[in-house]
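[1] dropping the sequence and predicted coords here.
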Amino acid sequence: MTGAVLQIEDLRVRIPVPGGRWVGAVDGVTLAVGSGEIVGLVGESGCGKSTLGGAVMGLLPGGSEVSGRVLLDEEDLRGLTDEQYRRIRGDDIALVSQDPASSLDPTFSVGAQVAEAIRNHRDVSRRAARERAVELLGIVGIPDPRARYADPPHRFSGGMKQRVVIAAALANDPAVLIADEPTTALDVTIQAQILHLLRDLTVRSGTGVLLITHDLGVVAQVCDRVAVMYAGQVVEQGTVRDLFARPLHPYTRALLDSQPAAHHRSGDLPVIPGRVPDLTEPPAGCRFASRCAHVHDRCATAPPVIGMPNGGQVACWLHQAVTEEVR
Amino acid sequence: MTMTMASGARRSRSAVAALPRSARIGALILVVLVVVAVLAPLLAPHDPNAIDSSRVLGAPDLGHPFGSDALGRDVLSRTIYAFRTSLAIVFGAVAVASLIALPLGTLAGYFGGWVDQVISRPLDMLLVLPALLLAISLIAIVGPGSLVAALAIALIYLPILARVQRASSLVVSQSGFVEGGRARGWSSAAVLRRHVIPNALGPLLVQAAILAGFAVQIEAALSFLGLGTQPPTASLGLMLSEGRDVLTQAPWVEIFPGLAIAVIVLAFNLLGDGLRRHLDPQGVVS
Amino acid sequence: MTALLDVRGLVVTFPAPDAGLRRRRVHALSGVDLSVGRGRTHGLVGESGSGKSTLARCVLGLQRPDEGSVVFDGTEIVGLRGRALREVRRRIQPVFQDPLGSLDPRWTVGRSVRESLDAFGVGSALDRDRRVRELLDLVGLSPDHADRHPAALSGGQRQRVGIAAALASEPELIVADEPVSALDVSVQAQILNLVAKLQRELGVAVLFVSHDLGVVEHVSHEVSVMYLGGIVETAARAELFADPVHPYTRALLAAIPVPEPDARLVHVPLSGDIPSPINPPTGCRFHPRCPLRVDSCSRERPVLQPVTAAHHVACPVALGARPQSDPAPAQN
């Protein structure tokens, strides 16, 4: 795919754990985010979605091993020195994480933190940075931004803090924004506000967003495309409309079915039997095989990534007959 | 996830084998020291208080490997007996302080509110007084001696340990299993005994072990100043004080008790530090 | 039919965490009425600051209300002590949110499940061991889980243990405070199915507290919606979801991110922040954010009024705007 602001190719991340073993948290992920596009990365805890975000930001636990390519505007980030990475972080790529309270320094005013985000990367005067910060606080919906510029974070509610974090993240018009569970800590009515804000701002500025979440509902609300992760691998990706209407991978289907909100009736929710495999010793073949209702002998071999006519991709033998593999 | 599973499995194995190496080394040294202290009469080659005018400031030799002091007493024998005095004071002081701090801190943390106020405010007042001043004042009132030195150290440590226990029991009290215990019909006393104390005890043990190392130094300081153990009884601090006068002529009188203090402090610090890493990997206990 | 649990006029305040000497108080509950029928599951839903967890704690006897009453099976439980309190506690059991935090990390699973059997002295030691195995089986765990520590279990297994522990004393009411919000969706479905199954088979009543309307919709017979310390609407499940009346309930329903791209939100259902329960708005607590606000809303505190027999709402404006069909007899 050309024109992608962020392109991840065959990314693998191994993280050391006590006992001299390694967790293969991300295993061969290929993913692209276009300008002004919001791509959802959805999966359950431990599937590697946050590690993937960390790999893009260059923020992984010490000792981690990374291979593959991460292209930002066609420049490979993997070759960067720490200093070069520091310079693009907060400038070309920005992060909004789950907990707005810990993203903000409690000892500085919210305005100063937004202004600092600007002055870190732009050679502008204090005054200009301040004016821009006030403007940004207004854009993200802080009422009376000039008066609240000097307030410390604890004077703000969780939702308002997350608005400030978004203002700081978007201060330098990043090409890519990694939003890691940005609304998980927020109440549902506030979540709706923040998702709308995120969508409005990034579509307007052309920022590509990788929205990492466990919530398929959130994906359906704001994303253009979606990738479903399971046990370190992307098992399916496609446009939100296609994937929700016709989920191809049995895991995607099971995940959609187990959403309580999707069932406007009582009776048992469909469940996925078994447990997520241990990623220190991942099973050979398809990683979902032990829990899959459609398991077959050939699942002992890792399934190919199959391109569908509608542009989606799925890693499952079930669809091999439909089209030929892409790689 | 993997880490919590690992620590859970570790906990169920033998408690000692599971400790980090530093804690095991510290514990081993302490066991040796306690054995030495207990068996002092058997191990000491000479009477520690026997004065021998022919050996005044005698250099180390085969019969007296640590040499002799200004009164011709055997430094090795005196050091062995001094272990006894100093360890007894340290263990006694830390045990008394811990045993009082445990209930006070636990109750303050669990009940909070006015119970906390009544317990914590007086302890805070103790805490603001300089430690040695507190000890010296107590001794000025009661008079010097080993027992008083131990009590003085306990008094210095009580508020510190009570604070540690209060903090950890406050944290444990807010966890679901404590509420659950109450909701499952247990009285506060039973919940404290069954859930709160076992889970909140770790930081107190760590702090007590670390403070025990410092207690050796306080005891030495008090004895050095003549406020602790009284001659002729041997204590490490007292020996340091005596050795100082003859340091240039007979350095062995000073060096060996000094080394002994260093070994005790090191052992307690290794133990405390290892326990801290074992029980509290996040470093909540300062 | 008399309710198993009848909460009336419950008021709870406590000192604000950072109040210092200013004596500010958090108004956690300000006059809450709620009843739960025998063998029914009552969903209690609300956002942060709504007071739903405080209400749960009052029912469990872990929080003493400033005013109001909690009547369980005809007995007032506010102010109970000693033996009487223990007896009530045997009959009302909790399931907590964080399945790791709610189990003593030093105890084996078996000992945690046994805790209330021991507390109430049920049967002999041998009986209790057998009962623990039965309970583990009931919640879908194998008997050898009894010897494991919580750290060696998955989140879903831990919550199963939490449920087994709650069932040990054969309670008539289970108060479950956010029992699935710490779990992944697929595990959450397993636990919800388990709660539903146990509720059907054992006939135990459940007060199910959650911030997640989807979850509440799935398990509940009746649903109450809370906002800033008060219940704004209460109804049978189907009626509440099909015909929400209170503007807050409507906004809350609209704000759920539905996993259907065709149901994308085109506008934000509710603007503004949730006010602080330290200094709640006057009159109707919802009026600063309410699209239906009229002048009187900032002065008068609305009370629950019937829409139909089993559907009550605390909003005279929304109620007045409805076409006057079958006038329901006022009944509680």
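    That came through fine.

[2] where do the helices sit along chain B?
    B:2-12, B:15-18, B:21-38, B:40-43, B:75-111, B:113-128, B:131-142, B:146-173, B:176-183, B:188-191, B:197-224, B:236-244, B:252-279 (DSSP state H).

[3] sorry, that was for the stretch 201-327 of chain A
    Taking DSSP state H, counting those that start in this stretch, the helices of the stretch 201-327 of chain A run over residues A:216-222, A:240-245, A:250-257.

[4] around the nearest residue to residue B:106 once chain neighbours are set aside, how many other residues sit close by?
    Of all residues not flanking residue B:106 in the chain, residue B:169 sits nearest, at 4.6 Å (C-beta to C-beta, 6 or more residues apart in numbering or on different chains). (Each C-beta comes from the backbone N, C-alpha and C, glycine too.) Counted by other C-beta atoms under 10 Å in any protein chain shown, the residues lying close to residue B:169 total 27.

[5] chain A versus residue B:169, what's the distance?
    26 Å (C-beta to the nearest C-beta, to the nearest Å).

[6] and what of residue C:37?
    17 Å.

[7] ok, now residue C:58?
    Taking C-beta to the nearest C-beta, one finds residue C:58 at 22 Å from chain A.

[8] what's the pLDDT at that residue?
    According to the prediction, residue C:58 has pLDDT 94.

[9] low-confidence ranges, the chain, go.
    You didn't say which chain, so I picked chain A. A:1-2, A:261-266, A:321-327 (pLDDT under 70).

[10] my bad, chain C
    Applying pLDDT under 70 to chain C picks out residues C:1, C:17-22, C:99-100, C:324-332.

[11] so where's the longest helix in it?
    Longest helix in chain C, counting residues (DSSP H): helix C:185-202.

[12] could I get the helix or strand that comes right after that helix in CSV with only the CA atoms?
    Following helix C:185-202 in sequence order, the next helix or strand is strand C:205-210 (DSSP states H and E). Coordinates of each C-alpha in strand C:205-210 appear next as CSV, following Å, rounded to 0.1, in the frame of the first residue of the first chain:
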residue,chain,number,x,y,z
ALA,C,205,-31.4,-13.0,44.1
VAL,C,206,-28.6,-10.9,42.6
LEU,C,207,-28.0,-7.2,43.0
PHE,C,208,-25.7,-6.7,39.9
VAL,C,209,-23.8,-3.5,40.0
SER,C,210,-22.0,-2.4,36.7
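
[13] contact residues of chain A facing chain B?
    Residues of chain A lying close to chain B (C-beta under 8 Å from any C-beta of the partner chain) are A:17, A:18, A:19, A:23, A:46, A:280.

[14] of those residues, buried ones?
    A:17, A:23, A:46 (16 or more other C-beta atoms under 10 Å in any protein chain shown).

[15] not counting sequence-adjacent ones, nearest residue to the last one?
    By that I understand residue A:46. residue A:276 (5.9 Å).

[16] now the strands for chain C?
    Per DSSP state E, chain C carries strands over the ranges C:5-15, C:25-36, C:41-45, C:67-72, C:75-76, C:92-95, C:173-177, C:205-210, C:222-227, C:230-236, C:305-308, C:311-313.

[17] neighbours of the residue nearest to residue A:46, how many?
    22.

[18] so the spatially most central residue of chain C versus chain A, what's the distance?
    Geometric centre of chain C, nearest residue: residue C:209, 2.5 Å, by C-alpha atoms, centre = their mean. Residue C:209 is 15 Å from chain A, where distance means C-beta to the nearest C-beta.

[19] let's verify the closest residue to residue A:109 other than its chain neighbours: helix, strand, or coil?
    Counting by C-beta to C-beta, 6+ apart, residue A:109 lies nearest to residue A:150, which is 4.6 Å off, once chain neighbours are set aside. Per DSSP: H, G, I helix; E, B strand; the rest coil, the local secondary structure of residue A:150 is coil.

[20] ok, so what distance separates the residue in the stretch 51-200 of chain A that chain C sits nearest to from residue C:57?
    Chain C sits closest to residue A:187 of the stretch 51-200 of chain A, with a gap of 3.8 Å, by C-beta to the nearest C-beta. To residue C:57, residue A:187 is 20 Å away according to C-beta to C-beta, to the nearest Å.

[21] which ones are touching the closest residue to residue B:142 other than its chain neighbours?
    Spatial nearest neighbour of residue B:142, excluding adjacent residues (C-beta to C-beta, 6+ apart): residue B:148 at 5.0 Å. If you count contacts by C-beta atoms under 8 Å, 6 or more residues apart in numbering or on different chains, residue B:148 has them with B:138, B:139, B:142, B:228.

[22] hang on, the earlier thing: so how many other residues sit close to the residue nearest to residue A:109?
    Residues lying near residue A:150 (other C-beta under 10 Å) number 12.

[23] hang on, isn't it packed against residue A:108?
    No: in this structure residue A:150 lies outside contact range of residue A:108 using C-beta atoms under 8 Å: 9.9 Å.

[24] most neighbours among the contacts of residue B:148, which one?
    residue B:228 (31 neighbours).

[25] tell me the pLDDT at that one?
    Per the predicted model, pLDDT is 79 at residue B:228.

[26] quick check: it vs residue A:209, distance?
    Counting by C-beta to C-beta, the separation of residue B:228 from residue A:209 is 69 Å.

[27] kindly report the same for residue C:254.
    Counting by C-beta to C-beta, the gap from residue C:254 to residue A:209 is 23 Å.

[28] geometric centre of chain A: which residue is closest?
    residue A:212 (2.7 Å).

[29] ok, which residues in the stretch 1-150 of chain A are in contact with chain C?
    Going by C-beta under 8 Å from any C-beta, the residues of the stretch 1-150 of chain A near chain C are A:44, A:45.

[30] can you count the residues close to the residue in the stretch 1-150 of chain A that chain C sits nearest to?
    Of all residues in the stretch 1-150 of chain A, residue A:44 sits closest to chain C, at 4.0 Å by C-beta to the nearest C-beta. A count of nearby residues for residue A:44, using other C-beta under 10 Å, gives 20.

[31] check contacts around it.
    A:214, A:230, A:255, A:276, C:184, C:185, C:186.

[32] what distance do you get for the nearest residue to residue C:49 once chain neighbours are set aside to residue A:183?
    Spatial nearest neighbour of residue C:49, chain neighbours left out: residue C:277 (4.7 Å); criterion: C-beta to C-beta, 6+ apart. Per C-beta to C-beta, residue C:277 is found 22 Å from residue A:183.

[33] report the separation between residue C:49 and residue C:226.
    Distance check for residue C:49 against residue C:226: by C-beta to C-beta, it reads 9 Å.

[34] neighbour-wise, which of the two wins?
    residue C:226 (25 against 22).

[35] tally of neighbours for the spatially closest residue to residue B:191 that is not a sequence neighbour?
    Spatial nearest neighbour of residue B:191, chain neighbours left out: residue B:181 (4.2 Å); criterion: C-beta to C-beta, 6+ apart. Residues lying near residue B:181 (other C-beta under 10 Å) number 24.

[36] read off the pLDDT value for residue B:181.
    For residue B:181, pLDDT reads 87.

[37] I'd guessed residue C:230 sits against residue C:30; true?
    Yes: with contact defined as C-beta under 8 Å, residue C:230 and residue C:30 form a contacting pair (5.8 Å).

[38] tell me which residue is most central in chain B.
    Nearest to chain B centroid, counting by C-alpha atoms, centre = their mean: residue B:212, 1.9 Å.

[39] do you know how far it is from residue B:270?
    To residue B:270, residue B:212 is 12 Å away according to C-beta to C-beta.

[40] same question for residue A:62.
    Separation of residue A:62 from residue B:270 (C-beta to C-beta) stands at 26 Å.
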